[in-house]
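Visitor: structure for the following, please:
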Amino acid sequence: MEVSTVLILLGIGLLSGVMSGFVGVGGGVIIVPALIYLLHLNQHQAQGVSLTLMLPPIGILAVYNYYKSEHLNSTYITYTVVMGLAFILGGYLGSKLSLRLSPLLVKFVFGIIMLYVAIRMILLGSAFFSDRT
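Guide: Below you'll find the predicted structure:
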């Protein structure tokens with residue numbers, strides 16, 4: 001592996017880790033587009049790498065910080081177990097569907113979802129800031 005590739009991967013990992021700990025995003029929002037545009041992976045390859053990265057407990061220290069600051073309690077941990085079980089099934093079904101479709105179509109759908117989320121957040125953010133003045 002080339003040094004430039006290692007540096008890009010370290011940068012993507014650091015940025016996505018910081019953003020994951022800061023606002024709870026990382027895999028789909030940062031890692032997938034970065035792998036596509038910086039390392040020229042296709043949509044399926046980028047998704048595979050992103051999902052592989054999530055297999056180990058990558059967020060364990062971030063979770064620990066939230067737990068220590070009392071933002072996670074036993075109720076919320078129960079939420080994660082229930083969501084986690086559904087996430088496993090959803091990940092399996094979603095990957096099966098994605099791999100049956102063209103990477104370009106999946107990339108398009110991914111982009112539409114990100115655009116929708118971005119517009120919603122910008123509009124809600126604008127309302128938030130206008131209420132504070």
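
Visitor: kindly report the domain assignment for this protein.
Guide: Following automatic domain parsing, the chain resolves into domains at 1-69, 71-98, 101-133.

Visitor: mind putting these into a markdown table with mean neighbour count and mean pLDDT?
Guide: C-beta: built from backbone N, CA, C; applies to glycine. Formatted as a markdown table, those follow (neighbours: other CB atoms under 10 Å; pLDDT from 0 to 100):
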| stretch | mean neighbour count | mean pLDDT |
| --- | --- | --- |
| domain 1-69 | 15 | 82 |
| domain 71-98 | 11 | 84 |
| domain 101-133 | 11 | 80 |
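
Visitor: helices and strands around the longest helix along the chain, which ones?
Guide: Looking across the chain with DSSP state H, the single longest helix is helix 103-131. Packed against helix 103-131 by the contact rule (3 or more CB pairs under 8 Å, 6 or more residues apart in numbering; DSSP states H and E) you find helix 32-39, helix 43-54.

Visitor: between helix 43-54 and the first one, find me the angle.
Guide: Put simply, helix 32-39 runs at 120 degrees to helix 43-54, going by axes from the mean of the first three to the mean of the last three CA atoms, to 10 degrees.

Visitor: can I get helix 32-39 as PDB, trimmed to CA atoms?
Guide: Output of helix 32-39 as PDB, limited to C-alpha atoms (Å, rounded to 0.1, in the frame of the first residue of the first chain):
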ATOM      1  CA  VAL A  32     -18.300   6.200   2.000                       C
ATOM      2  CA  PRO A  33     -18.100   9.500   0.000                       C
ATOM      3  CA  ALA A  34     -14.400   9.900   1.000                       C
ATOM      4  CA  LEU A  35     -13.500   6.400  -0.200                       C
ATOM      5  CA  ILE A  36     -15.300   7.000  -3.500                       C
ATOM      6  CA  TYR A  37     -13.800  10.400  -4.200                       C
ATOM      7  CA  LEU A  38     -10.400  10.200  -2.700                       C
ATOM      8  CA  LEU A  39      -9.500   6.500  -3.400                       C
END
